[in-house]
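*Asks:* next input, structure requested:
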Amino acid sequence: PLPKKRLPEGLTDTVETDLAALDASVDRVVLAASSDGGAFGLVRDLCVLLYDAAEDGGEPVARFEVVPETGDETAMICGELYRRGDGWKFRALGQGYESGLIQLATEFGISVDEADGGSADEGPA
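*Replies:* Here you go, the predicted structure:
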């Protein structure tokens, strides 16, 4: 990830990836986000802009407006890049998790110790 930037249209996060440099065993790159201190229902104009870095200053290859389903999600899979033959494709997802990063990580088979990685609202009820 690159540092956050404040643009006239709002705060941006940028992730830069060299897909050609990834090991051939990697067939998917997930673009996920989490909110700190609130749910995604509070975030206005959330979107993913996908650029080809080889085209300096070019227009986005894809744009996806991320809209939370319930508004209570605190983590989201915004989209994914996946291998298709010799190239890469982008799939917009917008899949949210109301239990935050713990639920998202668990779905990908990652064990999370809630005492280390959870916040007060993510612990057992």
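*Asks:* could I have whichever strand or helix holds residue 81 exported to CSV, CA atoms only?
*Replies:* Counting by DSSP states H and E, the element that carries residue 81 is strand 75-84. Extracted as CSV, the C-alpha positions of strand 75-84 are listed here (Å, rounded to 0.1, in the frame of the first residue of the first chain):
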residue,chain,number,x,y,z
ALA,A,75,-14.9,-5.1,6.6
MET,A,76,-15.5,-5.6,2.9
ILE,A,77,-14.0,-7.4,-0.1
CYS,A,78,-14.3,-4.7,-2.7
GLY,A,79,-13.1,-6.9,-5.6
GLU,A,80,-10.5,-9.3,-6.8
LEU,A,81,-7.9,-9.7,-9.5
TYR,A,82,-7.8,-13.2,-10.8
ARG,A,83,-5.8,-15.1,-13.4
ARG,A,84,-7.5,-16.0,-16.6
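*Asks:* check which residues of the helix or strand that it is followed by are buried.
*Replies:* Next in sequence after strand 75-84, counting helices and strands by DSSP H and E, comes strand 87-97. By 16 or more other CB atoms under 10 Å, the buried positions in strand 87-97 come out as 88, 90, 92-97. To be clear about C-beta, it is placed using only N, CA and C from the backbone, and glycine gets the same treatment.
*Asks:* now strand 87-97 and strand 75-84, what's the angle there?
*Replies:* Interaxial angle, strand 87-97 versus strand 75-84 (axes from the mean of the first three to the mean of the last three CA atoms, to 10 degrees): 160 degrees.
*Asks:* any chance you could list what contacts the strand holding residue 81?
*Replies:* 17, 19, 26-35, 40, 48, 50, 64, 66, 68, 88-97, 99-101, 103-104 (CB atoms under 8 Å, 6 or more residues apart in numbering).
*Asks:* name the residues of that strand that are buried.
*Replies:* 75-81.
*Asks:* strands of the chain, residue ranges please.
*Replies:* 2-7, 10-14, 28-34, 47-50, 62-65, 75-84, 87-97 (DSSP state E).
*Asks:* can you pull the buried residues of the fifth one?
*Replies:* Pointing back at strand 62-65 there. Going by 16+ other CB under 10 Å, strand 62-65 has these buried residues: residue 64.
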